[in-house]
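**Student:** Quick one: sequence plus predicted model below, questions after.
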Amino acid sequence: MPMLMEKERTLVVEYGKKLITQGLTTGTGGNISVFDPETGYMAISPTGVDYFETAPEDVAVLRASDSKKIDGRLKPSSEYLLHSIFYNNRSDIRAVVHTHSPYATALATLGEGLPAASYLTAFAGPDVRCAPYRTYGTRELAEAAYEYMTDRNCVLLSNHGLVAGAPDLAGAFHIALTIEECCRTYHLARSIGKPIILPEDEMQRLIKKFKSYGQ
């Protein structure tokens, strides 16, 4: 009998390892999910498990509308509400990546968002806002992240990390990785001078261009 959401659960395992190898988190930090709009189910990484020891069967399947567990050997990530709020309210998001990447988290620890210091910021929007601090795993955190990611594909979480969303997991991961690099560049630029911020009209032009980027 085929596993429920086998493809999505396999992707969660694959990209969980990439969180570590690409330096977007350490240990068991961060979490990943993929949503299937036809069933209303989401596959989300398990809580507190080494990404390199996670099997597809360990990935939890939840009903996004009420967070009821449908399948999976292990408990879901404690941040399941941080994922489901986007699936329940934004039709353009079908995958969410939450990281504790160092440069994004450093900027968020200052309570600052990421301005358009790099043209690559346009993958997330004209800029990236920073949501106020809320305790991890709470509905309050999910609601703050959702609010501050309005009209954006990424948000920083004050004193915590980063959340990125996209129509697929490859896209969400790309945004998370790109914004981490933009935060790194911004950090380096600020350490030696005052970064030049790109104007709003140029960012809007770039956002349109990036919609047809790639194959």
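**Tutor:** Structure received.
**Student:** can you map out the helices along this structure?
**Tutor:** 6-21, 80-89, 102-109, 139-148, 169-192, 200-210 (DSSP state H).
**Student:** For these, give me CSV that also has mean neighbour count, distance to residue 58 and mean pLDDT.
**Tutor:** For every residue, glycine as well, the C-beta is placed using N, CA and C. Putting those into CSV (neighbours: other CB atoms under 10 Å; distance: least, CB to CB, whole Å; pLDDT from 0 to 100) gives the following:
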stretch, mean neighbour count, distance to residue 58, mean pLDDT
helix 6-21, 19, 8, 98
helix 80-89, 22, 15, 98
helix 102-109, 21, 26, 98
helix 139-148, 18, 23, 98
helix 169-192, 19, 17, 98
helix 200-210, 14, 34, 95
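**Student:** right, and the ones you listed - which one's nearest residue 127?
**Tutor:** Nearest of the helices of the chain to residue 127, taken as CB to CB: helix 200-210 at 7.5 Å.
**Student:** which other helices and strands contact the closest one?
**Tutor:** With contacts taken as 3 or more CB pairs under 8 Å, 6 or more residues apart in numbering; DSSP states H and E, helix 200-210 sits against no other helix or strand.
**Student:** Other residues contacting it?
**Tutor:** 116, 119, 121-123, 125-127 (CB atoms under 8 Å, 6 or more residues apart in numbering).
**Student:** Quick one: residues contacting residue 181.
**Tutor:** So residue 181 contacts 103, 120 (CB under 8 Å, 6+ apart).
**Student:** next one: residue 118
**Tutor:** Counting by CB under 8 Å, 6+ apart, residue 118 has contacts 182, 185-186.
**Student:** and it, what pLDDT?
**Tutor:** Predicted confidence (pLDDT) at residue 118: the value is 98.
**Student:** measure it to residue 99 for me?
**Tutor:** Distance, residue 118 to residue 99, using CB to CB, to the nearest Å: 18 Å.
**Student:** quick revisit: so which of the helices of the chain is nearest residue 68?
**Tutor:** helix 80-89 (10.6 Å).
**Student:** and that closest one, how far out from the chain's middle?
**Tutor:** On the basis of CA atoms, centre = their mean, to the nearest Å, helix 80-89 sits 11 Å off its chain's mean C-alpha point.
**Student:** Tell me which residues are up against it.
**Tutor:** So helix 80-89 is contacted by 31, 33, 35, 37, 42, 44, 60, 62, 64-65, 67, 77, 93-94, 96, 98, 137-139, 141-143, 145-146, 149, 163, 165 (CB under 8 Å, 6+ apart).
**Student:** Quick check: ChimeraX command selecting the buried ones in those residues.
**Tutor:** Those of those that count as buried under 16 or more other CB atoms under 10 Å are selected in ChimeraX with:
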select :31,33,35,42,44,60,62,64,77,93,94,96,98,141,142,145,146,149,163,165
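**Student:** Mind checking which of the contacts of helix 80-89 are in strands?
**Tutor:** Counting by DSSP state E, the contacts of helix 80-89 place 31, 33, 35, 42, 44, 60, 62, 96, 98, 163, 165 in strands.
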